[in-house]
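K.L.:
here are the coordinates; sequence isn't available:
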């Protein structure tokens, strides 16, 4: 049985999305994918197409680049929701100049009250160098705070590196 909140953290192209997808499929619940990416160029479109093809037609995909709270509130107990990813959502919040604290609070509330189990994917970006500009430093700090909050609320936290998964919290059952 999938915990109410699972948090899958890792670097870019680490295998975290595939790990999260496997958790959802193994739950035997109806899979729902909350897509947070905004398609800004052909490269992003190609990655979205690749992810969609890998997931297959049994997934319901909802595009939610900014308002992920509404779809979470509509999820039902016979579904399992994959939010992929918190990093893209946070990017959208910052670029749209939304109130970061209010947005994070709304997200955490929506996750806590969602009727379906949710798996959240996010990037670990705090192990790199200090960015050279204010926007990138602001983003790095906000991502770190969001990851800490998600990990604190999650029943199960996984770290994915080079396709290998390590449990940081909980046992996933």
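P.N.:
Cool, the structure landed. Here the structure is a predicted model, which is why all the values come from computation and not from measurement. Numbers count the residues shown, from 1 in each chain.

K.L.:
Report the separation between residue 64 and residue 110.
P.N.:
To residue 110, residue 64 is 11 Å away according to CB to CB, to the nearest Å. Just so you know, the C-beta spots here come from the backbone N, C-alpha and C atoms, and that holds for glycine as well.

K.L.:
Please apply the same query to residue 58.
P.N.:
24 Å.

K.L.:
repeat for residue 38
P.N.:
From residue 38 to residue 110 the distance is 20 Å (CB to CB).

K.L.:
if you count what's nearby, which of those two comes out ahead?
P.N.:
Taking other CB atoms under 10 Å, residue 38 and residue 110 do not tie; residue 110 has more neighbours (19 against 15).

K.L.:
Over to the residue nearest to residue 106 when sequence neighbours are not counted: give its phi and psi.
P.N.:
Sequence neighbours aside, residue 69 is the residue nearest to residue 106 in space, at 5.2 Å (criterion: CB to CB, 6 or more residues apart in numbering). With angles defined as degrees, to the nearest 10, residue 69 sits at phi -70, psi -40.

K.L.:
Report the contact partners of residue 69.
P.N.:
Residue 69 makes contacts with 106, 107, 109, 110, as judged by CB atoms under 8 Å, 6 or more residues apart in numbering.

K.L.:
what ranges do the strands span in this protein?
P.N.:
Per DSSP state E, the chain carries strands over the ranges 5-10, 30-35, 60-63, 79-84, 118-123, 156-161, 164-169.

K.L.:
Give the pairing partners of the third one; include direction for each.
P.N.:
It stands for strand 60-63. strand 30-35 (parallel) (DSSP bridges).

K.L.:
The fourth one too?
P.N.:
When pairs are called by DSSP bridges, strand 79-84 turns out to pair with strand 30-35 (parallel), strand 118-123 (parallel).

K.L.:
just the first one next, same as before
P.N.:
When sheet partners are counted by DSSP bridges, strand 5-10 sits next to strand 118-123 (parallel), strand 156-161 (parallel).

K.L.:
so can I have a markdown table of those showing mean pLDDT and mean neighbour count?
P.N.:
As requested, the strands paired with strand 5-10 are arranged in a markdown table below (pLDDT from 0 to 100; neighbours: other CB atoms under 10 Å):
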| stretch | mean pLDDT | mean neighbour count |
| --- | --- | --- |
| strand 118-123 | 98 | 25 |
| strand 156-161 | 97 | 20 |
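
K.L.:
Distance to residue 43 for the ones you listed - can I get that in TSV?
P.N.:
Output for the strands paired with strand 5-10, formatted as TSV (distance: least, CB to CB, whole Å):
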stretch	distance to residue 43
strand 118-123	17
strand 156-161	22
